[in-house]
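Peer 1: Predicted model follows, preceded by the sequence.
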Amino acid sequence: MARNQFMIRKLTITISAILIAVQSWGQYGYIKLYNDAIVEGHLRRYVSFKDGHQGIELWKTKNDKEPRKIPKTEIQEYAIKKDTFKVFHDYYSFYYPDIYFKLIDGKRRQSGKINVYVLFQKNLDPTINDAMSLGTIGKNEPFYKGGGSDIYILERRDGFFRDMPLELEKLEDALLDFFPERVLNRYKEEKGRGKIKYKSIPKLVKFYNGM
């Protein structure tokens, strides 16, 4: 019995050590800096204990003894495995002036002629996620009134980007800044809809990028 307990304890310690080792150097990916330089390696997000700034730790190898710490303020975008993130700096919502983020990551959902990024609702409330407290959003803002909707940001190839409004009467006009009207009409015809719903934006982008 004692031997079995010893073996279980040894196995638990071994598994824990493996998990710690994997977490220590993170997943392989790349970072695009503001000077357009691209660096690759094993990436791990961090929040500085000293001043609270966010960043990415870059390990050139799994045994890198001096990983490079890159603040998010120096990063345009980064990718970990299959997930790509754009770092938005001092971002003011176009349609909702009270929504502002000093620094926040947008996960790329679709890419091509139009990119769509999502700011997840669960990360928007500072009381839920302290790491996102650099952004501000109130419980009375429309994205909370809309049932906790995520924020979608569209980006054209020329670098123009903008978040989309929740209200249907504003949404289609906003979409015309990114899509030809014929594309919106064709999408509605194929989907059998009179209006394009807010939560259909990623599907609309995929539809357009595939044309």
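Peer 2: Received, thanks.

Peer 1: just the helices in this protein please.
Peer 2: Using DSSP state H, the helices assigned to the chain run over residues 2-25, 142-145, 168-175, 181-191, 201-209.

Peer 1: worst average pLDDT in these?
Peer 2: Set side by side, the helices of the chain differ in mean pLDDT, and helix 2-25 is lowest with a mean of 42.

Peer 1: isn't Gly55 right up against Ile70?
Peer 2: Yes: taking CB atoms under 8 Å as the contact criterion, Gly55 and Ile70 are neighbours in contact, 5.5 Å apart. To be clear about C-beta, it is placed using only N, CA and C from the backbone, and glycine gets the same treatment.

Peer 1: mind checking which helix or strand of this structure has the lowest mean pLDDT?
Peer 2: The weakest-scoring helix or strand in the chain, judged by mean pLDDT, DSSP states H and E, is helix 2-25 (a mean of 42).

Peer 1: Ile201: what's it in contact with?
Peer 2: Ile201 makes contact with 116, 152, 154, 164, according to CB atoms under 8 Å, 6 or more residues apart in numbering.

Peer 1: Just the ones of those residues in strands?
Peer 2: 116, 152, 154 (DSSP state E).

Peer 1: which residues touch the second one?
Peer 2: In this structure, Tyr152 makes contact with 116-118, 163-164, 198, 201-202, judged by CB under 8 Å, 6+ apart.

Peer 1: nearest spatial neighbour of Ser48, skipping sequence neighbours?
Peer 2: Residue nearest to Ser48 in three dimensions, not counting chain neighbours: Gly55, with 7.0 Å by CB to CB, 6 or more residues apart in numbering.

Peer 1: Just list whatever residues bridge to that neighbour.
Peer 2: Per DSSP bridges, residues listed as beta-bridge partners of Gly55: Tyr46, Pro71.

Peer 1: Also the one 4 residues further on?
Peer 2: Applying DSSP bridges to Trp59 yields these beta-bridge partners: His42.

Peer 1: just checking, it touches Tyr46?
Peer 2: No: under the criterion of CB under 8 Å, Trp59 makes no contact with Tyr46, lying 11.8 Å away.

Peer 1: Give me the more crowded residue out of those two.
Peer 2: Trp59 (19 against 16; other CB atoms under 10 Å).

Peer 1: Low-confidence stretches in the protein?
Peer 2: Low-confidence segments of the chain, defined by pLDDT under 70, span residues 1-25, 123, 125-136.

Peer 1: try 50 this time
Peer 2: Counting by pLDDT under 50, the ranges of the chain that qualify are 2, 5-25, 128-134.

Peer 1: which residue packs closest to Lys191, ignoring adjacent ones?
Peer 2: Counting by CB to CB, 6+ apart, Lys191 lies nearest to Ser200, which is 7.7 Å off, once chain neighbours are set aside.
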